[in-house]
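Asks: Provided below are the primary sequence and the corresponding predicted coordinates.
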Amino acid sequence: MSQLTIYQVQNPSQALQQEQDANIIASLLAEQGVRFEQWQANTDITAEMSQDDIINAYQSDIERIKTQGGYQTVDVISLAKGNPSASELRQKFLFEHTHSEDEVRFFVKGQGLFCLHLNDKVYQVLCQQGDLISVPENTPHWFDMGSDPEFTAIRLFNNQEGWVAKSTDSEIAKQFPLLD
Ligand SMILES: [Fe+2]
């Protein structure tokens, strides 16, 4: 189940608030300028589908978001369980960083934990199948895909160069709970 957990930066061991209702999650995140939505596919999603098939299954929501956010390109990434590079891939986003463009992800399958550092709070958003999150550009955040990641996600970009993770040189990510 999708979940939002909010912490004070100074108190990583005790959550202030935890919500599992998608409408409440969306509204608490919207207050922070973060978009959270749940999408329905227009067809059954199967393991045999190509990237184009997957994009077509969510075409109307993708077009709406592209228009609203000015996104230019769309792709699909997949990670299967048992990936020998899983630990290396996990570490790539497990430190606080920013991007010069929005990080927009829709989970077709699987899950991931987005951790957003918003002023004196940390918002941890567990995104699962059917969830879209858009982390605004320059928002300090980290992402945990877990120790044995499995997900398929649609990504939207303004420009793919903007997607490079720029470290904030903070150790904050080590203080908060991870996916597992
Ligand atoms: Fe990121």
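Replies: Received the coordinates, thanks.

Asks: could you give me the average pLDDT of stretch 28-37?
Replies: The average of the pLDDT scores along stretch 28-37 is 98.

Asks: hey, where'd the strands end up in the chain?
Replies: Under the criterion DSSP state E, the chain carries strands at the ranges 3-8, 17-19, 35-38, 73-79, 97-98, 103-110, 112-118, 121-127, 131-135, 141-144, 151-157, 166-167.

Asks: which residue of the chain lies farthest from its centroid?
Replies: Ranked by distance from the centre of the chain (CA atoms, centre = their mean), the top residue is Glu48, with 23.9 Å.

Asks: residue contacts, that residue?
Replies: If a contact means CB atoms under 8 Å, 6 or more residues apart in numbering, then Glu48 has no contacts. To be clear about C-beta, it is placed using only N, CA and C from the backbone, and glycine gets the same treatment.

Asks: tell me how far it lies from Ile54.
Replies: 11 Å (CB to CB, to the nearest Å).

Asks: same question for Ala165.
Replies: Taking CB to CB as the criterion, Ala165 is separated from Ile54 by 25 Å.

Asks: with neighbour numbers in mind, choose between these two.
Replies: When neighbours are counted by other CB atoms under 10 Å, Ile54 comes out ahead of the other of Ala165 and Ile54, with 23 against 16.

Asks: identify the bridge partners of the closest residue to the more buried one other than its chain neighbours.
Replies: In this structure, Ile54 finds its nearest non-sequential neighbour in Val76, 5.2 Å apart by CB to CB, 6 or more residues apart in numbering. Counting by DSSP bridges, Val76 forms beta bridges with Ile154.
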